[in-house]
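> here are the coordinates; sequence isn't available:
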């Protein structure tokens, strides 16, 4: 039974789910807009927003914490120098999810997740 289990597993084990989320959040930060399935977009949103909020403090500890999640220094620099300053006055809700038509091959519900300007 799944009582009180809030974690979205996406039908993957922990290491595959972690790698998937790491790649998705990296692509979202670098391109600021990606198309994925609706379930993945909904699972990605809290992680992306947490990173942007953490990036508001421009300290060495913040940089190291972001490097644990993001694979390249370019992504960390973009969060610290471009994305976080953009949302300094906003209390949260930095992303939006827009639903699209189902995918042709398997009928999966697709969505676009992007940063709000």
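Thanks, I have the structure now. Keep in mind it's a predicted model, so treat the numbers as computed, not measured. Numbering: from 1, shown residues only.
> Neighbours of residue 44, how many?
Other residues lying near residue 44 total 23 when counted by other Cβ atoms under 10 Å. Where C-beta positions appear, they are placed from N, C-alpha and C, glycine not excepted.
> Likewise for residue 63?
16.
> Quick check: chain neighbours aside, which residue is closest to it?
Once flanking residues are discounted, residue 63 sits nearest to residue 76: 6.0 Å by Cβ to Cβ, 6 or more residues apart in numbering.
> The one you found reaches residue 67, doesn't it?
Yes. Counting by Cβ atoms under 8 Å, residue 76 touches residue 67, with 5.7 Å between them.
> Looking at these two, which is more packed in?
Neighbour totals were compared for residue 76 and residue 67, and residue 76 leads with 21 against 13 (other Cβ under 10 Å).
> Low-confidence regions, the protein specifically.
Judged by pLDDT under 70, the chain has no weakly predicted residues.
> mind checking how far the spatially most central residue of the chain is from residue 1?
The residue lying closest to the centre of the chain (Cα atoms, centre = their mean) is residue 48, at 3.2 Å. Relative to residue 1, residue 48 is positioned 30 Å away (Cβ to Cβ, to the nearest Å).
> Thanks a lot, see you next time.
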